[in-house]
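K.L.:
any chance you could fold what I've pasted below:
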Amino acid sequence: MSFKSIVRELKEMKDGIGSKSRRGFEGKHWRSKGRSFIVPDIVAAASSSEAIEQGQWANLPPELLLDIIKRVEESETAWPARTVVVFCASVCRSWRDITKEIVKTPEECGKLTFPISLKQPGPRDAPIQCFIKRDRTTSTFRLYFGLTPSENEPDKLLLAAKKIRRATSTDFVISLVADDFSRASNTFVGKLRSNFLGTKFTIYDSQPPTNGAAQHISRQSRRFNAKQISPKLPAYNYTVSTISYELNVLRTRGPRRMQCTMHSIPFSSIQEGGTAPTPTSFPQCFEENKSSSSALSAIFNNNNNNNTNIGGAAAALVLKNKSPRWHEQLQCWCLNFKGRVTVASVKNFQLVAAAVDPSVDLAAAEQEKVVLQFGKIGKDIFTMDYRYPISAFQAFAICLSSFDTKPACE
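P.N.:
I've put the predicted structure just below:
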């Protein structure tokens, strides 16, 4: 069997998952009737044929299976062709285990494959380039993979957010899909919340990225906890970052000044030999989150004082916006976005690592390296480029803070 025919059969198998699932449901329906009921031959035949079809792929020699998936992963490097790699992980457990072993994290390979890649740090060498579309009518924001919007084919959706205004704050609920922003859904990945003035924002993650993540239990979380809505429901919100915008008391003209404290990323991650937290899977069950929550809170409380000392081993990474330069001829503030931003806007920014404590040894190259840049290229279209040590989820949440109104900062 040729390599192309294997890929073609994988696509056909993916298209047939829905019908196979229905047949499996019918089989369970008849098996639950008990021994006194007679099962029609058509159901029994369907169950046996399904077992044979699954066995044909599940019983491949491990060496052959490893070679097939490795060739598929190497050949399909960009979306939407990379969907085939996801299909390989959907065949059966043995295929999924080998696919997860072959596919590397974005930090290692610079590619986004599975949904968990959105919670993992970006590549070190070059940024991952994305763009954001804003829909003013529905107050939604969609993050897509790619340089700019495509004209001929649908773009790859990575994350979506919905803006919800409250009496004293604004929430941006972030989801893996664009049509479900319920916190009771397993597509919920986190949220961004602002204060009343829009000067301070907090990023909450649905899962603890590290043992140092602060646990936030809201009234909504406790209500879900009591009702036991879903076993896959994220039970808590974990504080992973805070974003602060400097107050403009004198109302002087100039760019916004912002600072991001990444509580879940240690300052040592950008030093030589440092690593950033890299989750490998989403939370599998509600009870696991519930049992580990008290332990995580205790660890955070013990380390909270250490995090305030930027020179300590557990110090948090701090990002600040890169100061623009004043262009005399254009009479405006300018930053070098390397062609990725084409429209002047107060929302445009670049974030770099900051050494809050002068005693900290931070290389000059790290201080100039842009970790996240965001800017406008058209009406309701913005680019977002991020790299190590932040993830796509964290970068998207930081960019969402720029969309909220800030009367006290401008």
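K.L.:
which parts of the stretch 301-410 of the chain are strands?
P.N.:
In the stretch 301-410 of the chain, the segments counted as strands under DSSP state E, counting those that start in this stretch are 316-321, 325-327, 332-334, 349-353, 370-378, 381-386.
K.L.:
by contact count, what packs against the longest one?
P.N.:
In terms of contact count using 3 or more Cβ pairs under 8 Å, 6 or more residues apart in numbering; DSSP states H and E, strand 370-378 is assigned the packing partners strand 349-353, strand 381-386, helix 392-401. Bear in mind the C-beta positions are built from the backbone N, C-alpha and C, glycine included.
K.L.:
go on, the last one?
P.N.:
Contact partners of strand 381-386 among helices and strands, from 3+ Cβ pairs under 8 Å, 6+ apart: strand 128-135, strand 370-378, helix 392-401.
K.L.:
elements contacting the first one?
P.N.:
Spelled out, it's strand 128-135. Packing partners of strand 128-135 (3+ Cβ pairs under 8 Å, 6+ apart): strand 140-145, strand 381-386, helix 392-401.
K.L.:
residue 365: neighbour count?
P.N.:
A count of nearby residues for residue 365, using other Cβ atoms under 10 Å, gives 7.
K.L.:
then residue 153?
P.N.:
Neighbours of residue 153 using other Cβ under 10 Å come to 8.
K.L.:
check contacts around it.
P.N.:
Residues in contact with residue 153, defined by Cβ atoms under 8 Å, 6 or more residues apart in numbering, are residue 80.
K.L.:
likewise residue 400?
P.N.:
Taking Cβ under 8 Å, 6+ apart, we find residue 400 in contact with 141, 161, 172, 174, 192.
K.L.:
and those residues as a markdown table, adding pLDDT and distance to residue 120?
P.N.:
As requested, the contacts of residue 400 are exported to a markdown table (pLDDT from 0 to 100; distance: Cβ to Cβ, whole Å):
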| residue | pLDDT | distance to residue 120 |
| --- | --- | --- |
| 141 | 97 | 21 |
| 161 | 97 | 19 |
| 172 | 96 | 21 |
| 174 | 97 | 16 |
| 192 | 96 | 19 |
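K.L.:
is residue 208 in contact with residue 237, as I believe?
P.N.:
No: with contact defined as Cβ atoms under 8 Å, residue 208 does not count as touching residue 237 (10.2 Å).
K.L.:
what residues of stretch 131-142 count as buried?
P.N.:
Neighbour counts using 16 or more other Cβ atoms under 10 Å place 131-134, 140-142 of stretch 131-142 among the buried residues.
K.L.:
mind putting the residues you listed into JSON lines with distance to residue 103?
P.N.:
Converted to JSON lines, the buried residues of stretch 131-142 look like this (distance: Cβ to Cβ, whole Å):
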{"residue": "131", "distance to residue 103": "24"}
{"residue": "132", "distance to residue 103": "26"}
{"residue": "133", "distance to residue 103": "27"}
{"residue": "134", "distance to residue 103": "31"}
{"residue": "140", "distance to residue 103": "30"}
{"residue": "141", "distance to residue 103": "28"}
{"residue": "142", "distance to residue 103": "24"}
